[in-house]
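Trainee: Need coordinates for the below:
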Amino acid sequence: MFDSGRIPIRHKAQQAGIRAACQLARDILLKTALEVHAGATTAQIDRFAAAEIKAKGCKSAFLGYRGFPGTICISINEEVVHGIGSSRVIQDGDVVKIDIGIFRDGWVGDNALTVPIGKVPEETLKLLAATEESLHVAIDHARDGHMLGNLCASVEESVSQHGFTVVREFVGHGVGRKLHEEPQVPNYGTKGAKPRLKAGMTLAIEPMVNLGGAKTRILADGWTVIAVDRKPSAHYEHVVLVTEGEPEILTWRERMFPRGVADLNPVPVKLVV
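Mentor: The predicted structure is shown next:
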């Protein structure tokens with residue numbers, strides 16, 4: 001963990017810049033998610049997102065980052081994160097993770113969700129619901145004066161009660177001028193561990209949760225992360241502003257599973273109006 005003195009604190013004008021970037025990233029994510037359907041290729045989805053990003057006058061925060069070749073990350077089933085658009089065809093029963101990051105006026109917006117396609121097994125839907133629920137449990141800890149360790153520990157505590165495991169090699173992060181800033185935001189941790197959160201911090205909180213074991217490996221493309229046991233994985237992400245009051249979700253959208261695992265009928269993705 002980092003000393004909170006090393007984590008950027010954004011003043012109101014900077015917060016406005018991050019907020020605008022995050023809301024645009026949210027809009028592009030939702031429009032892209034609506035294009036995800038059985039029969040489409042992941043390359044088609046990537047191209048759609050690229051056109052949306054260009055039309056909005058911003059740029060992908062992922063394309064070219066450390067050599068990453070895609071505009072967005074699109075990962076299916078056992079692919080955890082960092083999947084690359086290709087000729088792979090999306091099938092009925094798949095779960096498709098869409099992760100979109102952009103630069104707008106020098107500020108980063110970053111968010112992700114998992115889209116179920118057609119008839120998805122109940123246990124996989126439960127995984128998605130539990131993962132999204134853990135994101136909101138964690139967000140509730142993003143408060144001025146709270147310890148980051150409590151936020152991180154809450155994710156693992158939330159999903160483990162349903163028998164799921166968090167990915168440990170890949171974590172959330174601070175966000176602002178750069179895609180990845182301090183602090184790291186793991187989905188596990190020790191309650192009470194520093195740093196202490198302060199108003200003005202902006203955190204990308206992103207639970208990555210596996211149906212089976214936590215172990216992952218990277219495929220030969222050098223990017224795509226998969227669950228070693230090839231069981232499905234889920235990924236949801238929001239950028240959150242720590243304030244002196246309630247946490248502000250800068251990438252706010254309606255929840256896919258408003259009641260968590262109590263109701264496994266996902267609400268269809270729809271644009272924010």
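Trainee: going forward, measure contacts and count neighbours with C-alpha atoms only.
Mentor: Noted.
Trainee: Strands of the stretch 101-250 of the chain, start to end?
Mentor: Here the stretch 101-250 of the chain has its strands, by DSSP state E, counting those that start in this stretch, at 107-116, 165-166, 172-174, 181-185, 202-205, 208-210, 216-218, 225-227, 233-235, 238-241, 248-249.
Trainee: Surely T114 touches D94?
Mentor: No. Using CA atoms under 8 Å, T114 makes no contact with D94, being 10.1 Å away.
Trainee: Comparing the two, which residue is more hemmed in?
Mentor: More neighbours surround T114 than the other of T114 and D94, with 25 against 21 (other CA atoms under 10 Å).
Trainee: Before we move on, what's the pLDDT of the closest residue to that one other than its chain neighbours?
Mentor: Nearest non-adjacent residue to T114, counting by CA to CA, 6 or more residues apart in numbering: K97, 4.2 Å away. Looking at K97, its pLDDT reads 98.
Trainee: Can you classify K97 as helix, strand or coil?
Mentor: strand (DSSP: H, G, I helix; E, B strand; the rest coil).
Trainee: partners of it in the sheet?
Mentor: Taking DSSP bridges, one finds S75, T114 as the beta-bridge partners of K97.
Trainee: can I get the strands of the stretch 101-250 of the chain in CSV with distance to G39 and mean pLDDT?
Mentor: Shown next, in CSV, are the strands of the stretch 101-250 of the chain (distance: least, CA to CA, whole Å; pLDDT from 0 to 100):
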stretch, distance to G39, mean pLDDT
strand 107-116, 14, 98
strand 165-166, 30, 98
strand 172-174, 31, 98
strand 181-185, 35, 97
strand 202-205, 31, 98
strand 208-210, 25, 98
strand 216-218, 26, 98
strand 225-227, 22, 98
strand 233-235, 21, 99
strand 238-241, 28, 98
strand 248-249, 33, 98
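Trainee: CSV please, covering those and showing distance to D144.
Mentor: Below are the strands of the stretch 101-250 of the chain laid out as CSV (distance: least, CA to CA, whole Å):
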stretch, distance to D144
strand 107-116, 22
strand 165-166, 25
strand 172-174, 15
strand 181-185, 15
strand 202-205, 12
strand 208-210, 25
strand 216-218, 34
strand 225-227, 34
strand 233-235, 26
strand 238-241, 10
strand 248-249, 12
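Trainee: what's the single longest helix in the protein?
Mentor: Looking across the chain with DSSP state H, the single longest helix is helix 12-33.
Trainee: And it, how far out from the chain middle?
Mentor: 14 Å (CA atoms, centre = their mean, to the nearest Å).
Trainee: Am I right that W107 is in contact with A25?
Mentor: No. If you go by CA under 8 Å, W107 and A25 don't touch, sitting 10.9 Å apart.
Trainee: for the closest residue in space to V239 that isn't next to it in sequence, what are its contacts?
Mentor: The shortest distance from V239 to any non-neighbouring residue, by CA to CA, 6+ apart, is to A204 (4.3 Å). Taking CA atoms under 8 Å, 6 or more residues apart in numbering, we find A204 in contact with D110, N111, G172, H173, G174, V175, V185, E237, H238, V239, V240.
Trainee: Just send those residues back as TSV, with neighbour count and distance to L250 too.
Mentor: As requested, the contacts of A204 are exported to TSV (neighbours: other CA atoms under 10 Å; distance: CA to CA, whole Å):
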residue	neighbour count	distance to L250
D110	32	10
N111	27	10
G172	23	15
H173	19	15
G174	22	13
V175	25	11
V185	22	17
E237	24	11
H238	26	7
V239	31	6
V240	26	6
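Trainee: Many thanks, we can stop here.
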